[in-house]
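>>> I'll drop the sequence and a predicted model, then ask my questions.
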Amino acid sequence: MPPDYHMHTPLCRHATGEPTEYAAQAKQVGLSEIGFSDHSPMARDDFDDWRMKADELEEYIRQVKQAQTDHPSLTIRLALEIDFLPGQEDWIRELVRRHPWDYVIGSVHYVSSTWALDNPNQIDEWERRDPDEVWGTYFDWLTQAVNTKLFDIIGHADLCKKFRYYPNRDLTPDIGRFLDAAQATDTAIEINTAGLRKDCGEMYPSLLILKKAFRREIGLTFGSDAHNASEVGMAFPEAVKMAKSAGYRSYCRFEGRSRKTEPLP
Ligand code: ZN
Ligand code: FE
Ligand code: FE
Ligand code: ZN
């Protein structure tokens with residue numbers, strides 16, 4: 001199986017289990033490589049309550065290094081999942097500089113400075129919004145994220161489907177602009193199996209988006225978005241199957257932010 005590059009830790013305040021337990025589970029399910037990509041701090045610690053504080057970054061690195069020490073037979077990468085919002089570029093650049101990360105995942109959860117469209121505590125906001133606008137902003141911000149060239153991988157590239165509020169208009173041009181930008185900047189995307197556990201009941205992104213990504217030769221990684229140890233490597237055989245049905249025959253590995261291509265199993 002390809003590595004699981006999207007895993008969280010309790011420092012984000014909505015995950016359970018120490019990194020070393022995730023690593024043990026990874027070996028249990030037969031993975032030879034994983035990567036932690038916990039929710040990065042924001043410039044202001046009071047931005048929201050579902051991420052580590054800025055002064056916890058060192059503790060995060062320490063916990064992942066502990067997992068590396070405990071599980072020498074497993075390759076364990078150290079990364080971040082960083083929220084992209086327009087205007088945050090300087091902060092993101094600063095975070096990226098703070099440590100020699102193996103890769104950096106850029107994710108859009110917020111489509112305004114106060115609303116994260118995937119937050120179960122803020123689901124009511126969907127009733128007040130026009131899904132066409134939300135989806136439009138989501139893919140516009142994803143495109144902007146890619147164009148900063150600050151990210152190696154874009155996380156769960158159609159997260160806006162999570163709660164099944166679908167758009168009425170055709171999003172093809174918006175998705176095309178995002179994928180064109182990813183192609184131009186050599187930014188990878190991931191198959192994120194967490195969507196299977198959510199209302200949408202399917203992986204992120206859709207097979208349609210994945211096929212379009214393959215045609216543009218956009219690199220691919222895999223992630224469970226595990227928020228507890230039992231989710232590590234979840235549905236990876238199905239994810240590999242989906243990658244292949246989109247046309248993919250290879251995936252990407254990262255070390256020190258440099259990318260290698262490997263054949264899919
Ligand atoms: Zn999370
Ligand atoms: Fe995310
Ligand atoms: Fe995540
Ligand atoms: Zn995520």
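Noted; the coordinates are in hand. Ligands and ions are numbered 1, 2, ... in the order given.
>>> which one is residue 220 nearest to, not counting chain neighbours?
Distances taken as Cβ to Cβ, 6 or more residues apart in numbering put residue 251 closest to residue 220, at 5.0 Å, once the chain neighbours are dropped. C-beta: built from backbone N, CA, C; applies to glycine.
>>> how close does that neighbour sit to ligand 3?
Residue 251 sits at a distance of 18 Å from ligand 3 (criterion: Cβ to the ion, to the nearest Å).
>>> what does residue 60 give?
Taking Cβ to the ion, one finds residue 60 at 14 Å from ligand 3.
>>> which residue is the nearest non-sequential neighbour of that residue?
Of all residues beyond its chain neighbours, the one nearest residue 60 is residue 11 (5.3 Å), with distances taken as Cβ to Cβ, 6+ apart.
>>> which residues touch the one you found?
Residues in contact with residue 11 (Cβ atoms under 8 Å, 6 or more residues apart in numbering) are 38, 52, 56, 59, 60, 63.
>>> mind checking the SS state of the last one?
What DSSP: H, G, I helix; E, B strand; the rest coil gives for residue 63 is helix.
>>> surely it touches residue 21?
No - the pair formed by residue 63 and residue 21 falls short of the contact definition of Cβ atoms under 8 Å, at 10.8 Å.
>>> just the C-alphas of stretch 211-227, formatted as PDB.
Coordinates of the C-alpha atoms in stretch 211-227 are reproduced here as PDB (Å, rounded to 0.1, in the frame of the first residue of the first chain):
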ATOM      1  CA  LYS A 211      -9.800  11.600 -13.800                       C
ATOM      2  CA  LYS A 212      -9.200  15.300 -14.700                       C
ATOM      3  CA  ALA A 213      -6.200  15.400 -12.400                       C
ATOM      4  CA  PHE A 214      -4.700  12.300 -14.000                       C
ATOM      5  CA  ARG A 215      -5.100  13.800 -17.500                       C
ATOM      6  CA  ARG A 216      -3.000  16.700 -16.300                       C
ATOM      7  CA  GLU A 217      -0.400  14.400 -14.800                       C
ATOM      8  CA  ILE A 218      -1.000  15.800 -11.300                       C
ATOM      9  CA  GLY A 219       0.900  13.900  -8.600                       C
ATOM     10  CA  LEU A 220      -1.100  11.800  -6.200                       C
ATOM     11  CA  THR A 221      -0.800  10.900  -2.500                       C
ATOM     12  CA  PHE A 222      -3.100   9.000  -0.100                       C
ATOM     13  CA  GLY A 223      -4.400   9.900   3.300                       C
ATOM     14  CA  SER A 224      -6.800   8.600   5.800                       C
ATOM     15  CA  ASP A 225      -7.100  11.900   7.700                       C
ATOM     16  CA  ALA A 226      -7.000   9.700  10.800                       C
ATOM     17  CA  HIS A 227      -8.100  11.400  14.000                       C
END
